[in-house]
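1. Give me a 3D structure for the following:
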Amino acid sequence: VTARKNSYSLDAMRVQMDVTTITDVSSVESQPSYGTYVHGLYMEGARWDMENNTVADSKPKDLYPLMPVIHIIAVTVDQVTSEGTYECPIFMTTIHGPTFIFAGPLRTNVDAKKWCLAGVALVLQPD
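-> Numbers count the residues shown, from 1 in each chain. Predicted coordinates:
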C-alpha cells in the first residue's frame, strides 16, 4: 500500500518492526495511522527483554515466549538502519523451511550472528 501510494517500486521497500510495550491486546483501541499492529507471535530460541527493549537469551523452560504487540511499517531502503538489529525470520510454524513468511529487523545489544547461530525466529503457532 505504501509503495503504491507514494509511487515507489517494491524493490525500494523494506519492513521495519518496532516492538511496543503493549502486552494486553484488548488495550489497543485502534490501528495506527501508518502501518499495522501485529500480535500473537512467539519467539523461538530467545525472548524479548521488555526492560532493555531488545532480544535476550531465553529463560529456562520457556520455549516459546509470547511477543508484545509489534508495530510493522514499510520504509524505503534509504531509511533502513541495520546497525544494532537482527534480521529475524518469521515462520508460520516451527517447521522452518516451507513456512517462511518474511524477515524483519529486531533490536539487539549483541552481535546479530549470535541470534542467527541460535536459530532465533518468530513463529505464528508453536508446536
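2. Contacts made by stretch 15-31 with the rest, please.
-> Stretch 15-31 is touched from outside by 37, 39, 48, 50, 53, 66-75, 79-80, 88, 102-107, with contacts defined as CB atoms under 8 Å, 6 or more residues apart in numbering. From N, CA and C alone the C-beta is placed, and that goes for glycine too.
3. Can you get me the start-to-end distance on that stretch?
-> End-to-end span of stretch 15-31 (CA to CA, to the nearest Å): 17 Å.
4. Can you give me the buried ones in stretch 95-103?
-> Ala103 (16 or more other CB atoms under 10 Å).
5. Let's see which of the contacts of stretch 15-31 end up in helices.
-> Among these, DSSP state H puts none in helices.
6. Sketch out the low-pLDDT regions of this protein for me.
-> 1-4 (pLDDT under 70).
7. Roughly how far does Met43 sit from Gly35?
-> Going from Met43 to Gly35 by CB to CB, to the nearest Å gives 20 Å.
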